[in-house]
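1. Sequence first, then the predicted structure, then my questions.
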Amino acid sequence: MISNETDARSFIAGLGGAEAIAKLEVLAEDLRAENARQNLVSKGSLEEVWVRHFADSAQLIPHVPRETRGAWFDLGSGAGFPGLVLAILRPDEPTVLIESRKRRIEWLEAMARKLELANCEIEGKRLELADTRKAAVISARAFAPLPKLLSLSARFSTARTHWVLPKGRSAAQEVEELPRKQRKMFHVEHSITDDEAGIVVGQGKVEA
Ligand SMILES: C[S@@+](CC[C@H](N)C(=O)[O-])C[C@H]1O[C@@H](n2cnc3c(N)ncnc32)[C@H](O)[C@@H]1O
């Protein structure tokens, strides 16, 4: 379990090295400043930004096979979690952040520019209006209940698509309540930043 800021930094350093840490320092500072202007994340979570947002996002990476190539779609990225963290930690792979709220889109675009994330594309529109493209990986944190999430994102999936969906305490129950065919695609992994939370992990094409 990662329970403090020091452990969270070490975990991330192991995944992305000094360059990633430096970029995340900038993100942490700017997030604090921007959060005073718009409500991006809960105030309390800023006290533990490395655990609650950075490591919580980064922990998705080991659930995707290392050899996976292609675009990682993050749905409803909000302040950039997990999307911006993934783009920082996987600089050679494309990351597409889909977000519909104007001020959040502006924030994401500004950070992608400032952090020189050439691999990061911000798709500033509702997911329902985004062009259909094939995703190698789909993530979404605090975006929608699982059935809605799957039906909205089904058209981006192929038989090879990996799904990594942080789902908090409801993870097992949300999987249990899926129709049988979808239920068989997914299992739940433990979060390493919150011992009561789960991550819904799976692979395959979801039929709309
Ligand atoms: C609760 S926030 C979570 C943000 C971020 N993933 C996180 O965990 O910190 C959900 C985000 O999804 C965005 N959103 C909601 N419905 C959407 C849709 N249909 N298309 C794109 N973005 C959407 C909201 O604007 C919001 O920023």
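-> Alright, I've got the coordinates. Numbering: from 1, shown residues only.

2. what's the closest non-adjacent residue to residue 76?
-> residue 143 (3.7 Å; CB to CB, 6 or more residues apart in numbering). Bear in mind the C-beta positions are built from the backbone N, C-alpha and C, glycine included.

3. part of a strand, is residue 201?
-> Yes: counting by DSSP: H, G, I helix; E, B strand; the rest coil, residue 201 falls inside a strand.

4. Please name the residues that touch it.
-> Neighbouring residues of residue 201 by CB atoms under 8 Å, 6 or more residues apart in numbering: 63, 162, 163, 164, 165, 186, 187, 188, 189.

5. tell me the mean pLDDT over the longest helix belonging to the chain?
-> Ranked by residue count and defined by DSSP state H, the top helix of the chain is helix 5-35. Per-residue pLDDT over helix 5-35 has a mean of 98.

6. tell me what the next helix or strand along the chain from that helix is packed against?
-> For helix 5-35, the following helix or strand on the C-terminal side (DSSP states H and E) is helix 49. Helices and strands touching helix 49, by 3 or more CB pairs under 8 Å, 6 or more residues apart in numbering; DSSP states H and E, are helix 5-35.

7. List the buried residues of the helix it packs on.
-> Neighbour-count burial for helix 5-35, with 16 or more other CB atoms under 10 Å as criterion, is recorded at 5, 7-9, 11-12, 15-16, 20-21, 23-24, 27, 31, 34-35.

8. Tell me which two in the residues you listed are the farthest apart.
-> 7 and 34 (25.8 Å; CB to CB).

9. in the chain, what secondary structure element scores lowest on mean pLDDT?
-> helix 180-183 (a mean of 95; mean pLDDT, DSSP states H and E).

10. So which other helices or strands are in contact with whatever helix or strand comes next after that helix?
-> Using DSSP H and E, the helix or strand that follows helix 180-183 towards the C-terminus is strand 186-190. In terms of contacts (3+ CB pairs under 8 Å, 6+ apart), strand 186-190 is packed against helix 171-176, strand 198-203.

11. So in that sheet, which strands flank the last one, and in what orientation?
-> With DSSP bridges as the test, strand 198-203 is paired with strand 162-168 (antiparallel), strand 186-190 (antiparallel).

12. Export those to CSV and append columns for distance to residue 48 and mean pLDDT.
-> Putting these into CSV (distance: least, CB to CB, whole Å; pLDDT from 0 to 100) gives the following:
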stretch, distance to residue 48, mean pLDDT
strand 162-168, 16, 97
strand 186-190, 19, 98
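
13. Would you list the phi and psi of the spatially most central residue of the chain?
-> The centre of the chain sits closest to residue 82, judged by CA atoms, centre = their mean, with a distance of 2.8 Å. When read as degrees, to the nearest 10, the backbone of residue 82 gives phi -90, psi 0.

14. Nearest residue to residue 123 in space, please, no chain neighbours.
-> Nearest residue to residue 123, sequence neighbours excluded (CB to CB, 6+ apart): residue 98, at 4.6 Å.

15. so how far is the ligand from the one you found?
-> For residue 98, the distance to the ligand (CB to the nearest ligand atom, to the nearest Å) stands at 5 Å.

16. Kind regards, and thank you for your time.
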